[in-house]
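Novice: A structural model of the following input is requested.
(chains A, B, C and D)
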There are 4 protein chains.
Amino acid sequence: MIKVSILGGSGYTGVELLRILSQHPDVKITSVTSRQYKGAKIKDVFLSLNGSTDDVFTDPSDHKVIKNADVVFCCLPHKASMEFIPPLIKGGKRVIDLSADFRLKEHSVYKKWYGEKHTAMNLLAKAVYGLPEIYRSKIKDAQLVANPGCYPTSAILGLAPLLKNKLIDSGSIIIDSKSGVSGAGREAKLETSFVEANEGFKAYNIGEHRHTPEIEQCLSQIVGENITVSFSPHLLPVNRGILSTIYASLKRHVSTAEVLYVYKKAYAKEPFVRIMQEGMLPNISQVKGSNFCDIGIKVDERTKRVVVVSVIDNLVKGASGQAVQNMNIMYGLSEKRGLLSLPLFP
Amino acid sequence: MIKVSILGGSGYTGVELLRILSQHPDVKITSVTSRQYKGAKIKDVFLSLNGSTDDVFTDPSDHKVIKNADVVFCCLPHKASMEFIPPLIKGGKRVIDLSADFRLKEHSVYKKWYGEKHTAMNLLAKAVYGLPEIYRSKIKDAQLVANPGCYPTSAILGLAPLLKNKLIDSGSIIIDSKSGVSGAGREAKLETSFVEANEGFKAYNIGEHRHTPEIEQCLSQIVGENITVSFSPHLLPVNRGILSTIYASLKRHVSTAEVLYVYKKAYAKEPFVRIMQEGMLPNISQVKGSNFCDIGIKVDERTKRVVVVSVIDNLVKGASGQAVQNMNIMYGLSEKRGLLSLPLFP
Amino acid sequence: MIKVSILGGSGYTGVELLRILSQHPDVKITSVTSRQYKGAKIKDVFLSLNGSTDDVFTDPSDHKVIKNADVVFCCLPHKASMEFIPPLIKGGKRVIDLSADFRLKEHSVYKKWYGEKHTAMNLLAKAVYGLPEIYRSKIKDAQLVANPGCYPTSAILGLAPLLKNKLIDSGSIIIDSKSGVSGAGREAKLETSFVEANEGFKAYNIGEHRHTPEIEQCLSQIVGENITVSFSPHLLPVNRGILSTIYASLKRHVSTAEVLYVYKKAYAKEPFVRIMQEGMLPNISQVKGSNFCDIGIKVDERTKRVVVVSVIDNLVKGASGQAVQNMNIMYGLSEKRGLLSLPLFP
Amino acid sequence: MIKVSILGGSGYTGVELLRILSQHPDVKITSVTSRQYKGAKIKDVFLSLNGSTDDVFTDPSDHKVIKNADVVFCCLPHKASMEFIPPLIKGGKRVIDLSADFRLKEHSVYKKWYGEKHTAMNLLAKAVYGLPEIYRSKIKDAQLVANPGCYPTSAILGLAPLLKNKLIDSGSIIIDSKSGVSGAGREAKLETSFVEANEGFKAYNIGEHRHTPEIEQCLSQIVGENITVSFSPHLLPVNRGILSTIYASLKRHVSTAEVLYVYKKAYAKEPFVRIMQEGMLPNISQVKGSNFCDIGIKVDERTKRVVVVSVIDNLVKGASGQAVQNMNIMYGLSEKRGLLSLPLFP
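Specialist: Purely as a prediction, here's the structure:
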């Protein structure tokens, strides 16, 4: 059994990790910390977990609670992560960090987009970007995995085959993404309150969202040149799900069927990527609660553009499920271990 | 492996059975019928199941598809059930019927509430009402299980301990229930279209809903006297979930804590009933996708009434999950087999 | 033109008053206060109002802003109201208070349910409960109107004809109410955040909600005896709307048609009460944005109970619309003045 | 008083026209037809209108009902429109057609996108495209107004100032639009049923939606060259609202502030276009129930693209409100007449 500790387990990625890991046959959860709820029973904070655990949230500053863990899932916000993780690494723990702190390779880029000096720069080179479909071999031996952001997961999986196969003009990429409200976290805020978000829809942080450089870094590594993208996030009035509609100009004439063939080949061995057949497009409702990424393709012959539609559950493939997939890789387990549950539709 | 056939598998109880049974370690699905989608791949009708099956929907009139099954789940509408099931019973199959056709013991009551003459009356005595918490011992050996309605499941589990312990005036029961839209089935209808139901809320069929005699029959059997209840269903703008708020006059003074103690004792060994602690009330969001029934209690000393709040996922404990629980009992398996998945919150 | 000041105008009752009063032909808004947003343009806080006003929110402690007003709408929370209102009354202003502070006649009842000593007891006798259908004649000359709570408005309008006509056992009343989330106010709270409330449904404060004594006080006045009711509020995942399902035991045999006749007669001259025809029940979606109260009736002959379903928009007839209706009465205008807009369906 | 007849008044554009026109001070509704509901009282089909009308739906084939009308609003589906409208035109009626039948100038384009031969080609030249902000002067004297589609309204208003001022590369336009479900009409369909659409989100008809040539025709007329656009519609789980996120490459360096200035100038005299200030982006919740189009701008200096976000209520500015605005222009009334009601937020 892999002994697991969760840091900052009272947010939505925390409760989702608890849901998944409680049902993972090879995992034993040894501690879950929460500054806000320390001392409270987990099942009193998350009634959904009633019956599966009698544990309490512990204080994150009580370091001995983490001592027993083999691997630590860090669900803290950025900045807090780069404070808590260095001693864990030093202490020999393997760490899967769900924050943004170790995703960007260049500390100057971090500074520019996050407005803070990075305080654990020495770990940036060591950290592996935890997108298994791209970096699987490096994840296997990583001590520190930087779990990808939710938007980047949907965008990169949607774009990688086009770029690897040099089908598109790399300067023409536009990513129009729409995310459910759980992506904004569990803290009470006016703009994510029910009445403000329900029956509403808006774009936010166009061209300025912090996931932009993360997408660009990964796409640039894939093609070996600097890529700049337009990225526009929107807030969808649903609990879970991200749909990214991605536009790019085709370098040469290809049909929808040909592009689909490229995608099916690229992801043929991937357990969690499902390519839609021609004429069908994915819906966030079809991946809810699962680790799947569904991708649909449409070549628009009139405009010589290809449109990719990529959907994930932001809390699963976009966060906690992908983190468990990374753990499975790190421990030589089947990637599907503990991640078999089918989408909950309706 | 138990060989399972599903009749009428293209509705919401069908897709939910497919979701649960696909992940059940002791089950092999041998056929799924659908008049509407015969010949189509299941995964093309329900994209959520893509990756878990390559089977096609078969024609229900093609009787040989059912021949191999040990047990048949019948998800047909009432009337169709009582047509399809008698030959199955004659052929020695075990049947779990999710329709209303075999729930009521008196054919005259069926006639009165469903407006149709019952055409398989001889099976009414044979059929066992499939509410495990009340009829477990009979279910074990049943050939025909009448799987309870969604509203009755929430109402009966909410009321049984009060009645068994003679705490309430049996003439004072009022059940105010609210159900998510999936309870109305998958057929396209104006009143359950998105725009009509969203941001709306209404009561319907007050005092006339067909689940009323089913609730009364079971409660009457529990106490050994004829019980009449007020039952008012409402349509909630959510996909899944039923919450029943149940009112009854107390026969003698008892506190909330005392009533909770009675419930905890009554359901102590039940794997799927969770009693809330004093001061807490259940939320449908906490049982979504699971087979749990959560129950909260409040004694109102001012009015000498007890209020019980009972919630289930209408598609799981209110239909397909309970059907699988019944199958587990019929085949001597642990009741939790295949039903372990935790609620999906949020 | 009636000069109007709004105290505490940045909540949902505030923005709704602004929406209604901006379109009222006899009103001029002279000031709107907000502690939180003082100095900000109203149209920057509420983008919906962009184009209708260039005013800014003023500081509530700047008393001169109110000086010019003929009538003050007070949208402050309880406790704050009883602090701010006495000097206004002393200064000769007419006041319509949307808080609970002046609704209960007995300060001991206020103390019991609100946990606070009342600090303006001398005004309790002077205050008129602003439910026009019951207290119209007193409202006309009132200096201080206590605008009813949202739940009480739906419950009292639903029950008054039954009680006035002595059709029901006054000890048998059960009110099961369901409210949209805007009823909880605009402050950011975890339990009313989108992800927690969406796809959820729960009861809360059963038998303990502060609107209970308000309902009981008014019903008791109507019949001239002390009435105690069971009242259970629930949180509906919609923005606007309250539906109350009300149960009572009939004293004698009457049909649905007879009860409907009583209601039609009782409300024949009311501009904002619509009685549904037999066989139809109201839906919150049909009153959205309007000052209507829709009422449907069903006599359940089997249980000898009558069930009343009463719906309002909690922000209009349940708060700001009713406040404007009261103002119209106070100033001798047609009650429909400024309140003519039809429900927004869908 | 302008005498108005509504053809096909039982859909969502019909009920919205009824809501708006019932409150229009210069209009008298003389007849409303509905094949499906003929003979039924309007207020029994649309409970929201209870109290405002006692009229019944009439049979569309009963031509004399239309005889009295000065102007006919045609809410029939395409194909039906081009059948019903020619005799009205011949009879001298003024017609505002909400279908697509008279929007496209070239019958060959109609054939290509709608798959049907146009049967009233002779009226195509006569018809005026009813987007007041672009074609106001022609609308004034038009006998036949082709009321724009909902998506085109949001897209064209969002793009016109950029094109008129030659700020963008006209070959670079990408329009990513998201519409509430009422845009799909009131007919019951599986894909727009509550359970299928709620908590879901999908793209559909990418590059193939019939509104594409309508957008291109109008943009091409504005600049005097043939413009081709990428257009991707999506289905939002809300009742009302369209948000279009529009991307285009800038021809030269301009700042967000400069582009906003261009928009403010372009729409300075428009009563229904509101330009957001820098740093703010519109939300569909802020225009609900109103005839406003809100536009926000963001120049992305990194990618040299401008992003325009344009929102409308699809049933008001996207359909019935705009139709009334056109009627006002045709009859020399103030454009705001009957369209003053503020957005309903929340």
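
Novice: wait, what's in contact with the residue lying closest to A:Val299 once chain neighbours are set aside?
Specialist: Taking Cβ to Cβ, 6 or more residues apart in numbering or on different chains, and ignoring the residues beside it in sequence, A:Val299 has A:Thr256 as its nearest neighbour in space, at 4.4 Å. Using the backbone N, CA and C atoms, a C-beta is placed for each residue, glycine as well. By Cβ atoms under 8 Å, 6 or more residues apart in numbering or on different chains, A:Thr256 lies in contact with A:278, A:297-299.

Novice: Would you check which pair of those lies furthest apart?
Specialist: Maximum pairwise distance in those, criterion Cβ to Cβ, is 9.9 Å, between A:Glu278 and A:Val299.

Novice: Of the two, give the one with the bigger neighbour count.
Specialist: For the pair A:Glu278 and A:Val299, the greater number of neighbours falls to A:Val299 (23 against 14), based on other Cβ atoms under 10 Å in any protein chain shown.

Novice: for the helix or strand hosting the more buried one, packing partners?
Specialist: Assigned by DSSP states H and E, A:Val299 falls within strand A:293-300. Other helices and strands packing on strand A:293-300, by 3 or more Cβ pairs under 8 Å, 6 or more residues apart in numbering or on different chains; DSSP states H and E, are helix A:150-164, helix A:256-266, strand A:273-275, strand A:305-312.

Novice: Present the ones you listed as TSV; the columns should include distance to A:Phe46.
Specialist: Shown next, in TSV, are the helices and strands packed on strand A:293-300 (distance: least, Cβ to Cβ, whole Å):
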stretch	distance to A:Phe46
helix A:150-164	20
helix A:256-266	37
strand A:273-275	29
strand A:305-312	22
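
Novice: Enumerate the residues of chain A near chain C.
Specialist: A:12, A:181-182, A:186, A:188-190, A:192-199, A:237-239 (Cβ under 8 Å from any Cβ of the partner chain).

Novice: rewinding a little: between the contacts of A:Thr256, which sits nearest chain D?
Specialist: When the contacts of A:Thr256 are ranked by distance to chain D (Cβ to the nearest Cβ), A:Lys298 comes first, at 4.4 Å.

Novice: What's the per-residue pLDDT of the closest one here?
Specialist: The confidence metric pLDDT takes the value 98 at A:Lys298.

Novice: Count residues in the vicinity of it, would you?
Specialist: Using other Cβ under 10 Å, A:Lys298 has 22 neighbouring residues.

Novice: My guess is it contacts A:Arg305. True?
Specialist: No. If you go by Cβ atoms under 8 Å, A:Lys298 and A:Arg305 don't touch, sitting 9.2 Å apart.

Novice: follow-up on the earlier one: among the residues of chain A next to chain C, which ones are buried?
Specialist: A:12, A:181-182, A:186, A:192-199, A:237-239 (16 or more other Cβ atoms under 10 Å in any protein chain shown).

Novice: Next, give phi and psi for A:Arg59.
Specialist: Just so we're on the same page, residue A:59 is Asp rather than Arg. Backbone torsions of A:Asp59, given as degrees, to the nearest 10, read phi -80, psi 130.

Novice: any idea how far A:Ser31 is from it?
Specialist: 10 Å (Cβ to Cβ, to the nearest Å).

Novice: quick one: which of these two has more around it?
Specialist: Just comparing A:Asp59 and A:Ser31: by other Cβ under 10 Å the higher neighbour count belongs to A:Ser31, 23 against 12.

Novice: give me the number of residues near A:Val27?
Specialist: Around A:Val27 there are 23 residues (other Cβ under 10 Å).

Novice: Let's see the pLDDT reported for it.
Specialist: Confidence for A:Val27, expressed as pLDDT, is 98.

Novice: Going by neighbour count, list what's buried in the helix-or-strand element of chain A with minimal mean pLDDT.
Specialist: The least trusted helix or strand in chain A, going by mean pLDDT, DSSP states H and E, turns out to be helix A:64-67, with a mean of 83. For helix A:64-67, a neighbour-count test (16+ other Cβ under 10 Å) marks A:65-66 as buried.

Novice: anything in stretch A:190-199 sitting right up against chain D?
Specialist: Yes. Against chain D, stretch A:190-199 shows contacts by Cβ under 8 Å from any Cβ at A:195-196, A:198-199.

Novice: Which residue, other than its chain neighbours, is closest to the residue in chain A sticking out farthest from the centre?
Specialist: Residue farthest from the centre of chain A, counting by Cα atoms, centre = their mean, is A:Arg302 at 34.0 Å. The shortest distance from A:Arg302 to any residue other than its chain neighbours is 5.7 Å, reached at D:Thr228 (Cβ to Cβ, 6+ apart).

Novice: Now for the one you found, how many residues are close by?
Specialist: For D:Thr228, the tally of surrounding residues (other Cβ under 10 Å) stands at 18.

Novice: do A:Asn226 as well
Specialist: Neighbour tally, A:Asn226, other Cβ under 10 Å: 11.

Novice: Looks to me like A:Thr30 is in a helix.
Specialist: No. Counting by DSSP: H, G, I helix; E, B strand; the rest coil, A:Thr30 is not part of a helix but strand.

Novice: residues touching the residue in the stretch 51-200 of chain A that chain D sits nearest to, list them.
Specialist: Of all residues in the stretch 51-200 of chain A, the one sitting closest to chain D is A:Gly200 (3.5 Å; Cβ to the nearest Cβ). Listed by Cβ under 8 Å, 6+ apart, the contact set of A:Gly200 reads A:235, A:237, D:238, D:241, D:283-285.

Novice: Go back to those and keep what's next to chain B.
Specialist: D:Val238.

Novice: Out of the contacts of A:Gly200, give me the one that has the most neighbours.
Specialist: D:Gly241 (30 neighbours).

Novice: Now that one. Nearest residue, chain neighbours left out?
Specialist: D:Ile284 (3.0 Å).

Novice: my guess is the one you found meets D:Gly180, correct?
Specialist: Yes. Using Cβ under 8 Å, D:Ile284 is in contact with D:Gly180, at 7.3 Å.

Novice: overlap in contacts of those two?
Specialist: Going by Cβ under 8 Å, 6+ apart, residues that sit against D:Ile284 and also against D:Gly180 are D:236, D:238, D:240-242.
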